[in-house]
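Asker: sequence plus the predicted model coming up.
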Amino acid sequence: MIDLTRTHHKGIAVADIDRAVADYGAALGLTFAPVRDFDPLPFWTPEDGLRDIRVRATYSLGGPIHIELVQGQGPFYDPATATTARHIGVWVDDLPAETARLVDLGWTVRAANAKPENGYGLIAYLASPDDALLVELISTALKPAIDEWLGE
């Protein structure tokens, strides 16, 4: 069961991450962690299968909920695409089981960092049945690396 008290971030796809860091920082009084490049990042979608993409990302510092800015390749990270450009990221202990539970409730897997037969990897994006909400399930296996990145 998703526990919203374990929400880690509100994710926003942006066209220019350096400008977004400056703009969001100035407007919202935020400081961001250093931008990291993930190249290649394994990324699976039902339409394209598994492929490598390039993503640049950062998180606001502080919390408890962070702002995640992501600049990446392809239509999934297109900031003009409302259903995939904005999402919430929530920690889960058992990503394959939580993904299966949501799929059984009518949610659709939009992307993940591994194929379904490989348990979707460490992140999976699922859309609600009405396509109004996108949730990124984040395996708690990633928590130490993200905490280190953010100095938490």
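Answerer: Nice, I can see it.

Asker: ok now do residue 66, which residues does it touch?
Answerer: 8-10, 59-60, 150 (CB atoms under 8 Å, 6 or more residues apart in numbering). C-beta here means a position set from N, CA and C on the backbone, and glycine is covered the same way.

Asker: swap the cut-off to 10 Å and go again
Answerer: Residue 66 makes contact with 7-11, 30, 32-33, 58-60, 89, 146, 150, 152, according to CB atoms under 10 Å, 6 or more residues apart in numbering.

Asker: remind me which residues of this protein are low pLDDT?
Answerer: Residues of the chain meeting the criterion pLDDT under 70: 75, 80-85.

Asker: what segments of it are helices?
Answerer: Ranges of helices in the chain, per DSSP state H, are 17-28, 82-85, 95-104, 143-150.

Asker: can you point out the buried residues in the first one?
Answerer: In other words, helix 17-28. Neighbour counts over helix 17-28 (16 or more other CB atoms under 10 Å) mark 17, 20-21, 24 as buried.

Asker: gap between it and the chain center?
Answerer: 19 Å (CA atoms, centre = their mean, to the nearest Å).

Asker: got it, and stretch 64-74?
Answerer: 7 Å.

Asker: where's the residue of the chain most remote from its centre relative to residue 36, distance?
Answerer: Computed with CA atoms, centre = their mean, the residue of the chain farthest from its C-alpha average is residue 26, at 23.2 Å. According to CB to CB, to the nearest Å, residue 26 and residue 36 sit 21 Å apart.
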